[in-house]
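J.: the amino acid sequence is not available; the structure is as follows:
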């Protein structure tokens with residue numbers, strides 16, 4: 001895939017559109033809002049199932065009600081986590097990274113490995129989420145993730161081990177914005 005840097009973002013692919021971090025953050029927010037809505041609906045449904053009089057245990061081995069209450073608690077915790085992530089992205093202030101600056105939170109990073117180039121956005125939350133911007137996938141990573149912790153404070157041109165050990169693979173940092 002053709003990629004080159006212009007002020008304000010990367011130009012990705014054949015279309016030549018500039019992809020900036022505001023677009024990426026907007027996509028992350030959209031996805032988090034969808035996840036939040038679905039999570040709230042699931043939490044309501046599991047809470048209703050847990051408190052439904054018809055789900056009362058029929059004997060001492062019937063654990064449907066207990067299982068439903070555990071599920072309801074888990075759904076509620078997931079809603080809180082998603083809401084917090086959305087709040088973090090709504091207040092996130094990104095900056096552009098000048099040539100040679102080390103990677104930090106809010107960086108858009110282009111990496112090249114054995115499978116070609118891929119893109120990561122170092123965010124405050126929602127690690128593992130993938131968003132698509134103009135046909136290009138961008139994975140959200142956090143400083144708590146193995147890759148995120150290895151990328152922090154690194155610079156363009158450096159190589160980073162993806163998976164330590166006998167079958168280690170390395171990627172090269174080819175761009176930081």
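T.: Here it is on my side, so go on. Predicted model, so just to flag it, every value in this text is computed and none were measured. Numbers count the residues shown, from 1 in each chain.
J.: gap between the longest helix along the chain and the chain center?
T.: For the chain, the longest helix by residue count, based on DSSP state H, is helix 21-51. Computed by Cα atoms, centre = their mean, to the nearest Å, the chain-centroid distance of helix 21-51 equals 14 Å.
J.: same check on stretch 46-60?
T.: Its chain's average C-alpha position is 35 Å from that of stretch 46-60, according to Cα atoms, centre = their mean.
J.: in stretch 45-52, what's buried?
T.: Neighbour-count burial for stretch 45-52, counted by 16 or more other Cβ atoms under 10 Å, picks out 46, 47, 49, 50. All C-beta atoms are positioned from the backbone trio N, CA, C, and that covers glycine.
J.: now swap in stretch 67-76 and tell me
T.: Those buried within stretch 67-76 under the rule 16+ other Cβ under 10 Å are 68, 69, 71, 72, 75, 76.
J.: for stretch 103-115, same thing?
T.: Neighbour-count burial for stretch 103-115 [16+ other Cβ under 10 Å]: 103, 106, 107, 108, 109, 110, 111, 112.
J.: same question for stretch 50-68.
T.: Buried residues in stretch 50-68, counted by 16+ other Cβ under 10 Å: 50, 55, 65, 68.
J.: so among these, where is pLDDT lowest?
T.: Least confident of the buried residues of stretch 50-68 in the model: residue 55, at 70.
J.: show me which positions of the longest helix of the chain end up buried.
T.: For helix 21-51, by 16+ other Cβ under 10 Å, it's 21, 23-25, 27-29, 31-32, 35-36, 39-40, 42-43, 46-47, 49-50.
J.: returning to what we had before: max pairwise distance over the buried residues of stretch 103-115: which two?
T.: Maximum pairwise distance in the buried residues of stretch 103-115, criterion Cβ to Cβ, is 21.3 Å, between 106 and 112.
J.: which secondary element of the protein has the worst mean pLDDT?
T.: strand 3-6 (a mean of 45; mean pLDDT, DSSP states H and E).
J.: next structured bit after the longest helix of the chain?
T.: Sequence order places helix 64-90 as the next helix or strand after helix 21-51, per DSSP states H and E.
J.: and that following helix with helix 21-51, angle?
T.: Interaxial angle, helix 64-90 versus helix 21-51 (axes from the mean of the first three to the mean of the last three Cα atoms, to 10 degrees): 160 degrees.
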